[in-house]
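Novice: got a structure for you, letters missing:
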Ligand SMILES: Cc1cc2nc3c(=O)[nH]c(=O)nc-3n(C[C@H](O)[C@H](O)[C@H](O)COP(=O)(O)OP(=O)(O)OC[C@H]3O[C@@H](n4cnc5c(N)ncnc54)[C@H](O)[C@@H]3O)c2cc1C
């Protein structure tokens, strides 16, 4: 049944004369049972914000369309574990298709939004059809700098909405350091994790060739991570665990040559954590032989080497780049709405509605959540926790609106604290910024909290079984 409908949809694309086709009432949907009086809700993005809205919104009362460049949700805190093989890749994803046919889902990029006409211009994010060419070089439009998503088929379409939730997240920040996009790995998507895992094993197999000198081996087994935030730290920790378990078992002499280096321009790693916890992580890394190179500036990256101001040329086998967030090009393209000066994210009021630039009025039909948005009166961190809580708030609001009820209660953030894995079954837990029960924890207990927190948040029954099984 699904195949028949999909075939029909492909044909309908190819037969269109115009490049941009009008997506009228569900021309390519898999369901025909749409009640006429339902308002259409479009959710842009299937990450921590968008997927939670998809999960929670009343699909009987809303005509829901999920429009996302990826056909799945990434459980980002588990990506570092997937990249080193602690977890299988499927542990960190949940498919959008779980909610079809109740909702319509398009794997597509939204390129622009017309807030007056209430339309979105979209391009498929699926592989180009054999007779079509991708409209842009793939590297230019992927959030991660890699090949995570397809550029599109060249046949765009227009999607209408009555209500819109913008949850497109942010891209990886490179600070325009030359060569990063071409030669470094990012870690934002399960496909990035897959590429990193492949590269780690490739480095060991290359280093194992009998023709190599020890210098060449050491260069290949030099693993560099740029960015001392939680993502960089957790990846370094997971990589350390891998080197001291499976790698040591299978490549004992090479494991001794491997090195992990963590770079940051700041004087300390984990700047968003309580200072004593960040120091705990630093000490733990030093004991584990992970080099922390703070106050270091990477100036250029080339194939297999980077140029560091304080060190000169540094050869590497794998470089993972995680230096924060850059605005999503869709958000950059929006000129009608107010934006945050520092992050260029969309500004929202405390009901999470976007704010028009002219007049500064909230748009009652459009909300923005997650890494793509900042509240004008409350600066919250760009985390899954914030995106998820905002999404839950939007769900309540939408479900009330669908019942004709008023909902003006402002969004309130409840700080659950921050966690980071630091390797060797140890973690740090910082709840010093919470309103009540302020606490800090490090070591084994924090590690137990780290695991139980992510186990609790795992969404599907499948992953509730798989994740602890692999752990
Ligand atoms: C490796 C890693 C580990 C992390 N660990 C933690 C953690 O432990 N705790 C924590 O709180 N936070 C963590 N974070 C941060 C957290 O993942 C983000 O804050 C969160 O993903 C933001 O959610 P979002 O919905 O705004 O965006 P995302 O989750 O990034 O989702 C964006 C979605 O929009 C889609 N999209 C993008 N552009 C378009 C477009 N133009 N058209 C259509 N679709 C588009 C993407 O395909 C994606 O589906 C981590 C991040 C990473 C990368």
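Specialist: Looks like it arrived, so ask away. Bear in mind that the values here come from a model prediction, so they are computed numbers and not experimental data. Numbers count the residues shown, from 1 in each chain.
Novice: how about the nearest residue to residue 377 once chain neighbours are set aside, what does it touch?
Specialist: In space, and not counting its chain neighbours, residue 377 is closest to residue 350: 6.2 Å by CB to CB, 6 or more residues apart in numbering. The C-beta positions use only the backbone N, C-alpha and C, and glycine is treated the same way. Going by CB atoms under 8 Å, 6 or more residues apart in numbering, residue 350 touches 375, 377-378, 410-411.
Novice: quick one: the residue most central in space within the chain from residue 118, how far?
Specialist: What sits nearest the mean C-alpha location of the chain, by CA atoms, centre = their mean, is residue 188, with 4.3 Å. To residue 118, residue 188 is 30 Å away according to CB to CB, to the nearest Å.
Novice: touching the ligand at all, the helix or strand hosting residue 468?
Specialist: Using DSSP states H and E, residue 468 sits in helix 461-470. No - using CB under 6 Å from any ligand atom, helix 461-470 stays clear of the ligand, coming no nearer than 14.0 Å.
Novice: what about the helices in the stretch 301-450 of the chain?
Specialist: 329-333, 384-402, 444-457 (DSSP state H, counting those that start in this stretch).
Novice: Now do the helix or strand hosting residue 239, average pLDDT.
Specialist: Using DSSP H and E, residue 239 sits in helix 230-243. On average, the pLDDT along helix 230-243 is 96.
Novice: right, is it up against the ligand?
Specialist: Yes - Helix 230-243 reaches the ligand (CB under 6 Å from any ligand atom) through residue 231.
Novice: What residues sit buried inside that helix?
Specialist: By neighbour count on 16 or more other CB atoms under 10 Å, the buried set for helix 230-243 is 230-243.
Novice: And stretch 341-360, by the same measure?
Specialist: Neighbour-count burial for stretch 341-360 [16+ other CB under 10 Å]: 343-349, 351-355.
Novice: how about the residues of the stretch 151-300 of the chain near the ligand?
Specialist: 167-169, 187-188, 231.
Novice: can you list those residues in CSV and add secondary structure?
Specialist: As requested, these are exported to CSV (DSSP: H, G, I helix; E, B strand; the rest coil):
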residue, secondary structure
167, coil
168, coil
169, coil
187, coil
188, coil
231, helix
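Novice: between those, which is nearest the ligand?
Specialist: residue 169 (2.5 Å; CB to the nearest ligand atom).
Novice: what does the model give that closest one for pLDDT?
Specialist: So residue 169 comes in at 96 (pLDDT).
Novice: Same check on residue 301?
Specialist: 97.
Novice: Over to residue 63?
Specialist: Residue 63 is given a pLDDT of 96.
Novice: okay, now it: neighbour count?
Specialist: 22 (other CB atoms under 10 Å).
Novice: likewise the one 4 residues further on?
Specialist: Residues contacting residue 67 under the criterion other CB under 10 Å number 26.
Novice: Identify the spatial nearest neighbour of it, chain neighbours not counted.
Specialist: Residue 67's closest residue in space is residue 106 (CB to CB, 6+ apart), at 5.1 Å.
Novice: sec struct for the one you found, please.
Specialist: Residue 106 - assigned by three-state DSSP - is strand.
Novice: Check the one 10 residues further on too.
Specialist: Applying three-state DSSP to residue 116 yields a three-state assignment of coil.
Novice: how many neighbours does it have?
Specialist: Around residue 116 there are 7 residues (other CB under 10 Å).
Novice: For residue 310, see how far away it is.
Specialist: 52 Å.
Novice: Please apply the same query to residue 201.
Specialist: 31 Å.
Novice: Among those two, which residue is more densely surrounded?
Specialist: residue 201 (15 against 10).
Novice: Just confirm that one is within a strand.
Specialist: No - using three-state DSSP, the assignment for residue 201 is helix, not a strand.
Novice: Could you report the pLDDT at it?
Specialist: 96.
Novice: Now do it against residue 396, distance only.
Specialist: 46 Å.
Novice: One more: residue 239?
Specialist: Relative to residue 396, and taking CB to CB, residue 239 is found at 40 Å.
Novice: Now do the contacts for the residue of the stretch 301-450 of the chain found nearest the ligand.
Specialist: At 2.0 Å from the ligand, residue 370 is the closest residue in the stretch 301-450 of the chain, using CB to the nearest ligand atom. Neighbour list for residue 370: 45, 47-50, 167-169, 382, 386-387, 390-391 [criterion: CB under 8 Å, 6+ apart].
Novice: hang on, residue 94 packs against residue 464?
Specialist: No - between residue 94 and residue 464 there is no contact under CB atoms under 8 Å: 11.4 Å.
Novice: higher neighbour count, these two?
Specialist: Legend: neighbour count by other CB under 10 Å for residue 94 and residue 464, higher for residue 94 (21 against 13).
Novice: quick revisit: with neighbour count as extra columns, can I get the contacts of residue 370 in TSV?
Specialist: Shown next, in TSV, are the contacts of residue 370 (neighbours: other CB atoms under 10 Å):
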residue	neighbour count
45	29
47	29
48	27
49	32
50	28
167	28
168	29
169	28
382	17
386	22
387	26
390	27
391	27
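Novice: From those, pick the one nearest residue 112.
Specialist: The closest of the contacts of residue 370 to residue 112 turns out to be residue 168 (CB to CB; 12.2 Å).
Novice: which residue packs closest to the closest one, ignoring adjacent ones?
Specialist: Going by CB to CB, 6+ apart, residue 168 has residue 45 as its nearest residue, at 4.3 Å.
Novice: Could you report the distance from the closest residue to residue 439 other than its chain neighbours to residue 272?
Specialist: Spatially, and ignoring its direct neighbours in sequence, residue 439 is nearest to residue 431 (4.7 Å; CB to CB, 6+ apart). As judged by CB to CB, residue 431 and residue 272 stand 13 Å apart.
Novice: now do residue 89
Specialist: When residue 89 is compared with residue 272 (using CB to CB), they lie 28 Å apart.
Novice: so who does the residue of the stretch 1-150 of the chain found nearest the ligand touch?
Specialist: Per CB to the nearest ligand atom, residue 47 is where the stretch 1-150 of the chain lies closest to the ligand, at 1.9 Å. With contact taken as CB under 8 Å, 6+ apart, residue 47 is in contact with 73-74, 76, 167-169, 370-371, 387.
Novice: 10 Å instead, please
Specialist: Counting by CB atoms under 10 Å, 6 or more residues apart in numbering, residue 47 touches 68, 70, 72-76, 143, 167-170, 188-189, 369-372, 384, 387-388, 391.
Novice: right, and the residue nearest to residue 168 touches residue 120 too?
Specialist: No - Residue 45 is not in contact with residue 120 according to CB atoms under 10 Å; the separation is 11.9 Å.
Novice: Now do the shared contacts for those two.
Specialist: 67, 110, 166, 330.
Novice: For the third one, give me the backbone phi and psi.
Specialist: It stands for residue 166. Residue 166 adopts backbone torsions of phi -90, psi 120, taken as degrees, to the nearest 10.
Novice: what comes up buried for stretch 421-441?
Specialist: 421-424, 426-432, 440-441.
Novice: Kindly apply the preceding question to stretch 82-93 instead.
Specialist: 82-87, 89, 91-93.
Novice: sorry, back to before: check the residues of the stretch 151-300 of the chain next to the ligand against residue 454 and report the nearest one.
Specialist: residue 231 (14.3 Å).
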